[in-house]
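K.L.:
kindly generate the corresponding structure for this input.
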Amino acid sequence: MSRTDKTKLRQAMLTKDYPTVSNILSKEYSIKAGIQVLEHGCEIGDDELVKIAQKNTIRIIRHVNKKKKLFQMICSKGFSNVAQVLLEQGCPINEEDSHSALIIAIKNGHSYVVKVLLENGVKVDPLSYRIGSKVRMAHNEHGQVQSVLLLASEIGHAEIVEILLNSGAKVNVQDDSMKSALMQASKYGHAEVVEILLENKAPVNMQDDDG
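P.N.:
Below is the predicted model of the structure:
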C-alpha cells in the first residue's frame, strides 16, 4: 500500500468515511491494512468498519484474535454491536476463550454483551458437571474454577443473573468451596439477586466448606 493510501485510510477511518475505507481496501488490500481497520473499529465500537475489514478475508479475524485477544477487549468495553458482527461472521473463539469473554462482560456489567454471547452459542457454564443432585464446576487447564452465575450473584448484577438463568445457568451450581449463587448474593447483601434466585428455586439448605 502506498504512503498516500495509508494516509487516506487513516483519515477515512477517523472521519468514518466508509466508502473510502472500502475502496482503499478493495483496491490495494493487505492483511496489515485490514488489521488496522479491524482494530480501530473494535477499539471505538464501530461495527461498520469491522464489517468492511472482514469482508475481504476471514484470515484477519483469526490473526488478530489470536495475537491480541481482541474479542475480550470488545467485551470489556461493552461493544455488543461489534461482538455480534464478529460472531455472525464466524470469529473463531474456542470454549475457554468464549467463557473468558463472558466473565469479562459480567465483571464490567455489560448485560447486552452477555446476551449477545449467549445468543450466539457461548455456553453458560461449559466447565460444569453433575454429581447426583449437585452441580459442580470442573477445573480448566489453569486450575481455575469460576461459575458465571456465582460471579454475577456475588457482584450483584440482577439483570445479568436473570439473563444467565434464562439461558440455562443451573441455579444450584457450587464452586470448589461448595459456595452457591444464593450464598454469595446473601453474603454481599444483594436483595434483588436473592429474590431472583429464590424465584428460580435456588436451594436454601446448601452448605459450603465452612458449614
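
K.L.:
how near is Y18 to I52?
P.N.:
Look at Y18 and I52: by CB to CB, to the nearest Å, they are 6 Å apart. All C-beta atoms are positioned from the backbone trio N, CA, C, and that covers glycine.

K.L.:
Q72 too?
P.N.:
22 Å.

K.L.:
so between these two, which is more surrounded?
P.N.:
I52 (23 against 18; other CB atoms under 10 Å).

K.L.:
next up, phi/psi of that one, please.
P.N.:
The phi and psi values for I52, taken as degrees, to the nearest 10, are phi -60, psi -40.

K.L.:
what's the answer for K6, then?
P.N.:
Per degrees, to the nearest 10, the backbone of K6 is at phi -60, psi -40.

K.L.:
count of neighbours near the residue lying closest to it once chain neighbours are set aside?
P.N.:
Counting by CB to CB, 6 or more residues apart in numbering, the nearest residue to K6 once its immediate chain neighbours are dropped is A33, at 7.8 Å. As a burial measure, A33 scores 20 neighbours (other CB under 10 Å).

K.L.:
cool, E48 as well?
P.N.:
Neighbour tally, E48, other CB under 10 Å: 15.

K.L.:
so what's it up against?
P.N.:
K16, Y18, G41 (CB atoms under 8 Å, 6 or more residues apart in numbering).

K.L.:
of these, buried ones?
P.N.:
G41 (16 or more other CB atoms under 10 Å).

K.L.:
any idea of the mean pLDDT for the helix or strand that contains A101?
P.N.:
Per DSSP states H and E, A101 falls inside helix 95-107. The pLDDT scores in helix 95-107 average 84.

K.L.:
any idea how far that helix is from the middle of the chain?
P.N.:
Centroid displacement of helix 95-107 relative to its chain, using CA atoms, centre = their mean, to the nearest Å, is 5 Å.

K.L.:
show me what that helix is packed up against.
P.N.:
Applying 3 or more CB pairs under 8 Å, 6 or more residues apart in numbering; DSSP states H and E, one finds that helix 95-107 contacts helix 70-77, helix 111-119, helix 148-155.

K.L.:
distance between the last one and the chain's centre?
P.N.:
If you compare the mean C-alpha spot of helix 148-155 with that of the full chain, they lie 15 Å apart, counting by CA atoms, centre = their mean.
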